[in-house]
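>>> give me the fold of what follows.
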Amino acid sequence: MKPLPVSPASRSFMLLALLSFAAPTRAFAPTGFGVATTTNVVRLQASTTESLQERRKTLLSRKGPFFELDPKEGAVEFGATANLVTQLENDENDGGPSYIKEWLSDEQRVATSIWDEDLIVIKGDSVYQLQVMKLKFVTLQLQPSVDIKMWTKKSAAIKGGDPVFYLQSVGFEPNIQVLPGLTIDAKALGIDIEVVGQLAATKDGKGVSGKISFSTSGKLPGPLRILPEGALRAASDSINETITQFAISSFQKGAIKKYQEFRATKIAEQQKEQEEQQSL
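Have a look, this model is predicted:
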């Protein structure tokens, strides 16, 4: 069966929302970690804490790509949920499993391992702004960022109350420009970007595992409503796959690197302590 054609117009809308997870570039990135300046970020607010928890549960319960279209209203939602499983360098003889739990217990330590550190801005109150690439697509230019709250807490569901790392989007700034000097407000397009995830130590204590889910919803502009559903679905599937693969590879690379650095420091501290005790 021949794949459905995907027009530039349909890809424009999909890319507009999902490129918050596209491969980053240093072309416009801040240098290192810093304090963010005030921006016109679209804030995401749940009506109640319960609704937010239910939404998290819904997103994380999905498997793979997701697409839903209401042709009558022109409303569309798409995204994907992916498993994150990363084996970390470990040696049970030097306290490896406990090192992983200790590493997970520090929110900032984990948060700064999931994205290029030159593209993260620490905003305070456990919120991190992830910067992504500047993109030009036809006449559309994007330079998006997403604000994500990240925190760690002990899970009552896990024996011993092992730490679990959570992430939840709280705002975004798509920075859309159609023509030079003309900016489109994301609110006018009804765009809503959600990102949720969680991470914990594996049962064997040799790595970490969890899930990350992202969803984009909004109303299609008039010209896009006449496109066949198959074309929109094909565009979203292609982009979902690209975003998912990037998110997984980015986390694996960053987590392994940062954990190895943390583990090396712990081992050095342990050896120094032993040497000091022996010298007494």
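
>>> alpha carbons only for contacts and neighbour counts from here, please
Noted.

>>> so in terms of bridging, what pairs with residue 200?
residue 164, residue 209 (DSSP bridges).

>>> enumerate every residue touching it.
By C-alpha atoms under 8 Å, 6 or more residues apart in numbering, the contact set of residue 200 is 104, 162-165, 208-210.

>>> and if you look at residue 112?
Contacts for residue 112 were tallied using C-alpha under 8 Å, 6+ apart; they are residue 120.

>>> next: residue 163.
Going by C-alpha under 8 Å, 6+ apart, residue 163 touches 101, 104-105, 152-155, 200-201.

>>> closest one to residue 192 out of the residues you listed, please.
Checking those against residue 192 by C-alpha to C-alpha gives residue 152 as the nearest, at 25.1 Å.

>>> now name the helix or strand holding the closest one.
strand 145-154 (DSSP states H and E).

>>> show me what counts as buried in that strand.
Within strand 145-154, the residues that qualify as buried are 145-152, counting by 16 or more other C-alpha atoms under 10 Å.

>>> remind me, longest helix of this protein?
helix 229-279 (DSSP state H).

>>> which elements pack onto that one?
Helices and strands touching helix 229-279, by 3 or more C-alpha pairs under 8 Å, 6 or more residues apart in numbering; DSSP states H and E, are helix 8-18, strand 64-70, strand 75-87, helix 96-104.

>>> what lines up beside the shortest one in the sheet?
Yep, that's strand 64-70 we're talking about. By DSSP bridges, strand 64-70 pairs with strand 75-87 (antiparallel).

>>> helix 229-279 and the strand it pairs with, what's the angle between them?
If you take axes from the mean of the first three to the mean of the last three C-alpha atoms, to 10 degrees, strand 75-87 sits at 30 degrees to helix 229-279.

>>> and strand 75-87, what's its mean pLDDT?
Regarding strand 75-87, the rounded mean pLDDT is 90.

>>> show me which residues of it are buried.
By 16+ other C-alpha under 10 Å, the buried positions in strand 75-87 come out as 75-86.

>>> could I get the residues you listed in CSV, plus columns for distance to residue 173?
Converted to CSV, the buried residues of strand 75-87 look like this (distance: C-alpha to C-alpha, whole Å):
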residue, distance to residue 173
75, 20
76, 19
77, 18
78, 19
79, 18
80, 20
81, 22
82, 24
83, 26
84, 26
85, 29
86, 30
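
>>> beyond the helix or strand hosting residue 123, next helix or strand please.
In the assignment (DSSP H and E), residue 123 maps to strand 120-124. Downstream of strand 120-124, the first helix or strand assigned by DSSP H and E is strand 127-131.

>>> parallel or antiparallel, list what pairs with that next one.
Paired neighbours of strand 127-131 in the sheet (DSSP bridges): strand 120-124 (antiparallel), strand 145-154 (antiparallel).

>>> I'd like the ones you listed as CSV, with mean pLDDT and distance to residue 234 appended.
CSV is the format used below for the strands paired with strand 127-131 (pLDDT from 0 to 100; distance: least, C-alpha to C-alpha, whole Å):
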stretch, mean pLDDT, distance to residue 234
strand 120-124, 90, 31
strand 145-154, 90, 25
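
>>> export those to TSV and tack on distance to residue 261?
Formatted as TSV, the strands paired with strand 127-131 follow (distance: least, C-alpha to C-alpha, whole Å):
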stretch	distance to residue 261
strand 120-124	19
strand 145-154	20
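
>>> residue 97: which of those is closest?
Nearest to residue 97, of all those, is strand 145-154, at 15.9 Å by C-alpha to C-alpha.

>>> the inter-axis angle of that closest one versus helix 96-104?
Between the axis of strand 145-154 and that of helix 96-104 there is an angle of 130 degrees, by the same axes, to 10 degrees.

>>> convert strand 145-154 to PDB, retaining C-alpha atoms only.
Output of strand 145-154 as PDB, limited to C-alpha atoms (Å, rounded to 0.1, in the frame of the first residue of the first chain):
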ATOM      1  CA  SER A 145      10.700  26.100  24.800                       C
ATOM      2  CA  VAL A 146       8.800  24.100  27.400                       C
ATOM      3  CA  ASP A 147       8.700  24.700  31.100                       C
ATOM      4  CA  ILE A 148       8.700  21.400  33.100                       C
ATOM      5  CA  LYS A 149       8.400  20.900  36.800                       C
ATOM      6  CA  MET A 150      10.600  18.100  38.000                       C
ATOM      7  CA  TRP A 151      10.600  16.600  41.500                       C
ATOM      8  CA  THR A 152      11.500  13.400  43.400                       C
ATOM      9  CA  LYS A 153       9.600  11.900  46.200                       C
ATOM     10  CA  LYS A 154       9.400   8.500  48.000                       C
END
